[in-house]
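Visitor: Curious how this folds, go ahead:
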Amino acid sequence: MSYLKKVHEQTDTRFWVNNPTLEDTRAAIANDAFGCTTNPAYCSKLMQTDPDWMRGVIRDVVADNPGKGGSRLAETAYHEVARQLMEQFLPIYEESNGTRGFVTIQEDPRNEENHEFIIEACLRAAKLAPNYMAKIPVTAHGLPVIAAMLRHNIPVCATEVFTLSQARATVELYEKIAGETGNRPAMYVTHITGIMDDYFKDVVKKEKIDIRPEALAAAGTAVALKQYAYLKDKDFNGAMLGGGARNLGHFTDFVGGAMHVTINWSTGAELIDAFEEPERKIDRVIPADIIAELIEKLPNFERAYTDNAMNIDDFADFGPVMLFRTQFLNGYVRLVDEIDIMRRQ
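Guide: Below you'll find the predicted structure:
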């Protein structure tokens with residue numbers, strides 16, 4: 001039994017596979033993957049990891065939709081590769097009575113401030129398969145989209161969550177809509193640990209901040225653990241999903257908790273090679289002196305770590321959110337460019 005299967009058997013921790021090839025998907029499912037996440041850079045990634053599949057989908061989409069513009073073709077291509085993932089995970093969804101086997105789609109980041117556009121795109125995606133899950137940023141523009149999905153009883157992965165304030169806003173919105181409609185679809189509140197670490201490492205380097213390496217390395221995990229404790233304290237009906245893993249600790253640090261973590265399959269394979277038995281780490285406490293140093297040296301850490309430190313209108317401009325969104329924009333534009341090239345051939 002692999003390490004990941006043992007984590008599933010022996011703990012409440014679950015893993016999702018992120019942006020996989022079809023081969024990755026089969027390997028992840030064989031190791032008890034709970035579900036699958038994708039993001040707007042997925043198709044761009046597939047051009048590198050599985051170019052035959054991705055370019056074949058683009059060719060078919062361009063040929064079958066001569067009247068569509070590049071943006072709608074990009075959406076159609078992304079939806080099609082995600083649909084094929086949904087097909088792979090559908091037996092898990094059906095066997096679990098709709099509690100596992102979800103596949104997320106996050107729509108065109110160029111239009112994420114146009115919530116009506118994103119709502120319409122999500123509703124189109126919801127027709128792909130029953131195990132669709134809408135992946136939506138927790139920003140001032142994303143929260144109305146989340147509300148619309150909840151009203152339609154569509155499962156939601158609330159993403160780009162880097163702060164306790166964002167987690168609170170998501171939970172409060174979920175409970176508000178549930179109270180109005182009675183709908184309680186599956187809801188995952190995500191914390192992107194690795195991207196937060198990348199952001200703070202870049203800040204420290206650029207601003208030449210004197211901070212202990214062990215403190216800097218703990219930043220993303222510290223906020224994640226605070227968010228996990230908050231969701232448990234609120235007895236939230238949904239669950240927490242960790243993401244953006246940049247090292248094995250971004251998975252192993254949370255083992256033992258009722259927490260889900262999405263990882264690239266390459267990270268999954270590394271975990272299997274590196275470990276035999278799960279070790280419970282979710283209960284560990286980040287030392288107070290580490291937290292104090294992070295708060296002192298990194299003002300944006302304090303904003304992320306402290307409850308109600310940010311207003312909803314501040315979410316989209318928060319540094320780690322902007323970093324993550326830029327990566328998505330670059331990836332999605334790469335897909336649009338590839339489609340334009342193929343249309344001219």
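Visitor: got the buried residues for stretch 165-181?
Guide: 165-171, 173-174, 177 (16 or more other C-beta atoms under 10 Å). The way it works is simple: take the backbone N, C-alpha and C, and place the C-beta from them, glycine included.
Visitor: Tabulate those residues (JSON lines), appending pLDDT and distance to E9.
Guide: Output for the buried residues of stretch 165-181, formatted as JSON lines (pLDDT from 0 to 100; distance: C-beta to C-beta, whole Å):
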{"residue": "S165", "pLDDT": "97", "distance to E9": "36"}
{"residue": "Q166", "pLDDT": "97", "distance to E9": "32"}
{"residue": "A167", "pLDDT": "97", "distance to E9": "29"}
{"residue": "R168", "pLDDT": "96", "distance to E9": "33"}
{"residue": "A169", "pLDDT": "97", "distance to E9": "35"}
{"residue": "T170", "pLDDT": "97", "distance to E9": "30"}
{"residue": "V171", "pLDDT": "96", "distance to E9": "30"}
{"residue": "L173", "pLDDT": "97", "distance to E9": "34"}
{"residue": "Y174", "pLDDT": "97", "distance to E9": "30"}
{"residue": "I177", "pLDDT": "97", "distance to E9": "35"}
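Visitor: all strands in the stretch 101-250 of the chain, in order from the N-terminus.
Guide: 103-105, 132-137, 156-159, 187-192, 239-243 (DSSP state E, counting those that start in this stretch).
Visitor: nearest to F117, of those?
Guide: If you check each of these against F117 by C-beta to C-beta, strand 132-137 wins as the nearest, at 12.5 Å.
Visitor: Can you tell me what sits against the closest one?
Guide: Identification of contacts with strand 132-137 by C-beta atoms under 8 Å, 6 or more residues apart in numbering yields 35, 37-39, 86, 102-106, 112, 118, 122, 125-126, 142, 145-146, 149, 154-160, 186, 188, 316, 321, 325.
Visitor: Among the buried residues of stretch 165-181, name the ones in helices.
Guide: Counting by DSSP state H, those place 165-171, 173-174, 177 in helices.
Visitor: ok, so of the residues you listed, who is nearest D235?
Guide: D235 lies nearest to V171 out of those, by C-beta to C-beta, at 10.1 Å.
Visitor: okay, the buried residues of stretch 165-181 in CSV with distance to M196 next?
Guide: Below are these laid out as CSV (distance: C-beta to C-beta, whole Å):
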residue, distance to M196
S165, 14
Q166, 12
A167, 13
R168, 17
A169, 17
T170, 17
V171, 19
L173, 22
Y174, 23
I177, 27
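Visitor: on that earlier part again, would you tell me which one of the ones in helices among the buried residues of stretch 165-181 comes nearest to I272?
Guide: After measuring those against I272 - C-beta to C-beta - the closest member comes out as A167, at 30.5 Å.
Visitor: wait, what's in contact with the closest residue to the closest one other than its chain neighbours?
Guide: Nearest in space to A167, with sequence neighbours left out and distances taken as C-beta to C-beta, 6 or more residues apart in numbering, is Q227 at 4.9 Å. Residues in contact with Q227 (C-beta under 8 Å, 6+ apart) are 161, 164, 167, 189, 191, 240.
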